[in-house]
Each structure stands twice: as C-alpha cells, then as structure tokens.
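Enquirer: below is the sequence, then the predicted model.
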Amino acid sequence: MSHTHARPPLPVASERTPLKARKVSFSWEDTPLHWVPGDPFAGHTINVLHLLLPAGERWFVHVYRQVLPYITDARLREDVIGFIGQEAMHSQAHDEVLPHLRELGLDPTPYTAQVDWLFEKLLGDRTLPPGRARRWWLMERVAIIAAIEHYTAFLGDWVLNAEELDRRGADPTMLDLLRWHGAEEVEHRSVAFELFLHVDGGYRRRARTWATAFTALVFLWQRGARFFMENDPTLPAGRASFKDFYLSGQQGVLPATGDMLKSIPRYLSRSYHPSQEGSTAQAVAYLAGSPAARAAATAEEGV
Ligand SMILES: [Fe+2]
Ligand SMILES: [Fe+2]
C-alpha cells in the first residue's frame with residue numbers, strides 16, 4: 001500500500017458536526033419547467049443534477065456499505081453511517097423531481113438509462129475474486145467518491161451563496177431542494193476524503209481518480225445540459241454550449257468557470273483537507289431555516 005502522505009492534513013476542528021439524515025419531502029406541482037425565469041439554460045444545466053444524483057448517490061451508498069468492514073476508527077465509522085443516510089435521502093429527493101419533468105413534457109428516461117448503466121455496470125461490482133483485485137477496485141471507487149465529493153461540496157457552497165438565483169425569482173421549492181442538499185454536502189464534505197485517507201490515502205490514486213471523476217463529470221454534464229435543451233418542448237431550437245455556461249457563470253446563475261478551475265489545484269494539493277473549504281456554520285444555519293428540513297424536523301418531533 002503506498003502511503004505518500006508523511007503527515008495527513010488535519011481537519012479544521014470547528015468544522016466537524018454529527019451527521020443525521022433529514023427526511024424531507026417537496027411538492028413539485030407549482031414548479032415551472034423554466035424554474036429560473038427567462039433562463040432555461042441555467043435551469044436545465046442545474047437540472048442535470050436530477051439525472052446524475054439518483055443513480056450516483058445510490059452508488060455511493062452501495063460502495064460505502066462494502067467499505068464499512070475496513071473502518072477501524074469509531075468516529076469515522078459513525079460519520080460514514082451518517083453520510084450513507086444523507087446520500088440515500090438526496091438520491092430519493094432528486095429522483096422525485098423526474099415524474100414532474102415528465103409531466104411538463106420532458107422525459108429524461110433516455111438519459112437516465114445511460115447514467116444507470118454507467119454506475120451499475122461500469123462502476124459496479126465486478127466479478128473479481130476475493131483478495132487484492134477486489135480490494136483494489138473498492139479502493140479505487142472510494143477515491144473516486146472522494147473526488148466527486150470535492151465537487152458536491154463546491155457546488156453546495158456555491159448554491160448556498162448564489163444570491164443571483166433569488167434576485168431572478170428562481171422557484172422557491174427548487175431552491176430549497178438545492179440548498180438543503182447543498183448544505184448537507186457542505187456539512188459532510190470531509191467524510192469521503194477522510195475515509196479515503198483512512199483506508200488508502202495514496203497520492204497517485206488521489207490524482208488519478210480525480211482525473212477520472214472530473215472528466216466523467218464534465219462529459220456527463222455537458223451531455224445532460226444538451227439533452228434537456230434539445231428535448232425541451234418549449235424550445236424548438238434549444239442548444240447548450242460552453243459559451244452559454246461561461247456567460248451564465250459570469251452572471252452568477254451558474255458557478256463561474258474560473259472558480260471551478262481554481263478548485264482543481266486545491267484538491268490536488270498535498271495539504272488539501274475539505275474542511276478548509278465552505279462553512280459548516282452557514283450550512284447548519286440554512287438547514288435550521290430550510291422549509292423542507294423544518295417540516296421534516298416537525299414531523300419527527302410529532303412522532
Ligand atoms: Fe448528496
Ligand atoms: Fe455528499
């Protein structure tokens with residue numbers, strides 16, 4: 001096992017919080033197809049989350065259940081179990097948006113079928129014999145998840161601070177879904193990386209799996225945005241281009257390309273620790289006021 005970290009980077013202590021899944025539910029009947037008014041491209045680019053996350057986060061849960069026996073630290077184990085609970089809930093919440101999109105005339109099945117294949121077959125359990133090969137593939141996937149979680153935390157932090165979406169009058173239910181999810185991503189942003197450090201932590205693996213995850217995310221995202229724009233029944237000549245993405249980033253309705261590029265060397269830095277990014281206090285404050293999370297808390301208290 002190659003441990004190239006002489007001393008693993010230490011988390012920022014104040015950023016740690018016990019993780020629990022908040023059982024939320026959203027009512028989609030009033031959410032329009034173009035939920036960022038007048039900007040279908042921005043809305044559809046964000047809608048790609050609803051295509052990728054149900055299968056992607058189910059896959060996280062599937063991989064993490066297999067890695068539990070390798071965890072020898074009680075607190076990390078607790079964090080991973082909390083993480084599994086949160087991701088399972090995220091996956092379900094995004095999945096519930098899809099029937100609404102179908103009702104609005106946009107059937108995402110052709111795209112989600114490909115995403116399901118990617119996570120279940122390409123990234124699924126291979127018929128490897130017990131031993132080194134099986135362990136290698138498990139560690140590889142743990143490292144891929146750590147890289148993806150760098151981006152889910154980045155996006156979570158972005159959406160919590162994306163005031164331009166409020167100024168444009170974006171749909172409040174969709175904003176609450178994105179911010180509830182984004183806040184939990186910020187809240188649990190250290191878990192995947194700490195798990196990776198605990199079970200492997202090799203720098204070459206971190207860099208290699210970052211490249212895989214980043215390439216896959218860019219590929220899937222641009223295909224997803226194009227899929228939505230081309231199949232939106234209200235946009236006869238719908239298109240998506242990198243230029244649109246760049247311009248929307250400049251306006252603050254999507255993440256800025258420059259900020260995304262700057263996040264790359266941070267993840268690849270040997271002193272990286274996710275707790276250095278984003279704010280747990282901001283995430284927890286959002287969750288305390290989120291309509292969906294509050295409704296969930298009230299329902300739980302009532303039981
Ligand atoms: Fe999530
Ligand atoms: Fe996450």
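Expert: Happy to help now that I have it. These numbers were taken from a predicted model, which means no experiment stands behind them. Numbering: from 1, shown residues only. Ligands and ions are numbered 1, 2, ... in the order given.
Enquirer: quick one: secondary structure of Trp221?
Expert: Secondary structure, DSSP: H, G, I helix; E, B strand; the rest coil: Trp221 is helix.
Enquirer: contacting residues around it?
Expert: For Trp221, the contact set (CB atoms under 8 Å, 6 or more residues apart in numbering) comprises Thr45, Val48, Leu52. From N, CA and C alone the C-beta is placed, and that goes for glycine too.
Enquirer: that one and Glu57, how far apart?
Expert: Relative to Glu57, Trp221 is positioned 16 Å away (CB to CB, to the nearest Å).
Enquirer: neighbours of the closest residue to Trp210 other than its chain neighbours, how many?
Expert: Nearest residue to Trp210, sequence neighbours excluded (CB to CB, 6 or more residues apart in numbering): Ala147, at 4.4 Å. Applying other CB atoms under 10 Å, we find 24 residues neighbouring Ala147.
Enquirer: over to the one 5 residues further on?
Expert: The number of residues packed near Thr152 is 25, by other CB under 10 Å.
Enquirer: that one: which element?
Expert: Applying DSSP states H and E as the criterion places Thr152 in helix 132-160.
Enquirer: for that helix, buried residues please.
Expert: 137-160 (16 or more other CB atoms under 10 Å).
Enquirer: what packs against that helix?
Expert: Other elements packing on helix 132-160 under the criterion 3 or more CB pairs under 8 Å, 6 or more residues apart in numbering; DSSP states H and E are helix 40-67, helix 172-187, helix 191-199, helix 203-231, helix 257-268, helix 280-289.
Enquirer: rerun that using 6 Å as the cut-off
Expert: helix 40-67, helix 172-187, helix 191-199, helix 203-231 (3 or more CB pairs under 6 Å, 6 or more residues apart in numbering; DSSP states H and E).
Enquirer: want to throw the ones you listed into a markdown table with mean pLDDT and distance to His100?
Expert: Listed next are those as a markdown table, based on pLDDT from 0 to 100; distance: least, CB to CB, whole Å:
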| stretch | mean pLDDT | distance to His100 |
| --- | --- | --- |
| helix 40-67 | 94 | 9 |
| helix 172-187 | 97 | 10 |
| helix 191-199 | 97 | 30 |
| helix 203-231 | 95 | 14 |
